[in-house]
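*Asks:* build me a model from this:
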Amino acid sequence: MDATTLADTLHAEFGGSWSAQAMHASGFCGTWTAQDAGGIRLFVKTAPAAQAAMLHAEGEGLLALKASRAITVPTVAAFNRSHEHCLLALDWLDFAAPDSGFGQRLGERLSALHAAPQPRFGWGQDNFIGATAQRNGWSAGAALTDWIVFWRDKRLLPMRQGLARKGVGQVLLEEVDAVGDGLLAYYADGHQPRPSLIHGDLWSGNWAMLTNGEPVIYDPAVSVSDAEAELAMMELFGSPPTGFWGAYHAGFDLHQGYQRRRGLYQLYHLLNHTLLFGGAYAQQALRCARALRSAMC
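*Replies:* This next block holds a predicted model:
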């Protein structure tokens, strides 16, 4: 989609006269800043119509997070699909450099999100983790066995199948199989995951601070999961900001065995990065899987 087509689409959606400028802020879709003659500004993602499911799922995830009233997310202004193109329009947000209290506020908001009761694990529709389809569906209940089945069948197994189709080495596939077969052992410390709505892809590039100091999160891959899966992703490619952990612990009772399971939840994202980008991620995933097996021996 070019700037003129986008401006015309926004006119049809909202009325008024629009202009758009490419931002090139994503490797998975087009990104734009759009503004009308009255000064209303939007952040817009565009893609070919064949990729409409990706943008629609992102919008649905933002709506679910917003409905929680626990943490700020971009407001969905519109989702539009034609025969050739689709777009997701979000209200523009102005960011500021995080201040010394940002980590505490992020911990407070995220613990409130995770603490809100949910009846079972899963999600009502498939969505995307990056450009990879993320399989969902609802679990039968909220027991440990329900969670283990969900994590095995909707997270590890689809990644394993995708990597097998791509021709990734058998050694990594066998290690993933072994982790999946032994999942119960990772909860032998008594951890009983409770269903929590999670962002699902919360690395440092997907959180920020608004000019009013409020934390905001975006680009979700939501599901109702073990909250530990969220925290593990936050620690995979960096760490939460200073002050986060104390505030999070004050609002959510994190099990003392989280450190033992962190790699289990990080493995999913490492497998996805192997699928998307290859390279060194395959070796990192292999080391992670082997460490998980070694820890449980």
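
*Asks:* gap between N136 and A34?
*Replies:* The spacing between N136 and A34, counted by Cβ to Cβ, to the nearest Å, is 31 Å. In this view, the C-beta of every residue, glycine as well, is placed from N, C-alpha and C.

*Asks:* equivalent analysis for N272, please.
*Replies:* Taken as Cβ to Cβ, the span from N272 to A34 is 30 Å.

*Asks:* how about H191?
*Replies:* From H191 to A34 the distance is 46 Å (Cβ to Cβ).

*Asks:* kindly report the same for A164.
*Replies:* Distance of A164 to A34, given as Cβ to Cβ: 41 Å.

*Asks:* what of L10?
*Replies:* 6 Å.

*Asks:* quick check on Q35: phi, psi?
*Replies:* phi -140, psi 140 (degrees, to the nearest 10).

*Asks:* repeat that for the one 10 residues further on.
*Replies:* When read as degrees, to the nearest 10, the backbone of K45 gives phi -110, psi 140.

*Asks:* for S19, same thing?
*Replies:* According to degrees, to the nearest 10, the main-chain angles of S19 amount to phi -130, psi 150.

*Asks:* still on that earlier bit, neighbour count winner among H191 and A34?
*Replies:* Just comparing H191 and A34: by other Cβ atoms under 10 Å the higher neighbour count belongs to A34, 23 against 19.

*Asks:* and that one, which of the three is it?
*Replies:* strand (DSSP: H, G, I helix; E, B strand; the rest coil).

*Asks:* and the spatially closest residue to G38 that is not a sequence neighbour, what is it in contact with?
*Replies:* Distances taken as Cβ to Cβ, 6 or more residues apart in numbering place G16 nearest to G38, at 6.5 Å, with adjacent residues excluded. Going by Cβ atoms under 8 Å, 6 or more residues apart in numbering, G16 touches D36, A37, G38, I40.

*Asks:* so V179 sits against A289, correct?
*Replies:* Yes. Counting by Cβ atoms under 8 Å, V179 touches A289, with 5.4 Å between them.

*Asks:* re the thing from before, state the pLDDT value of the residue nearest to G38.
*Replies:* According to the prediction, G16 has pLDDT 93.

*Asks:* same deal with C29?
*Replies:* If you check C29, the pLDDT there is 89.

*Asks:* quick check: phi and psi on the residue sitting nearest the centre point of the chain?
*Replies:* Geometric centre of the chain, nearest residue: D201, 2.4 Å, by Cα atoms, centre = their mean. The phi/psi pair for D201 (degrees, to the nearest 10) reads phi -140, psi 50.

*Asks:* now the strands for the chain?
*Replies:* Listed in chain order, the strands of the chain (DSSP state E) span 18-22, 30-36, 41-48, 76-81, 85-91, 95-96, 122-123, 127-129, 132-134, 137-138, 195-198, 207-210, 215-217, 223-226.

*Asks:* where does the protein dip in pLDDT?
*Replies:* For the chain, residues meeting the criterion pLDDT under 70 lie at 296-297.

*Asks:* switch the cut-off to 50
*Replies:* Applying pLDDT under 50 to the chain flags residues 297.

*Asks:* understood, closing this out.
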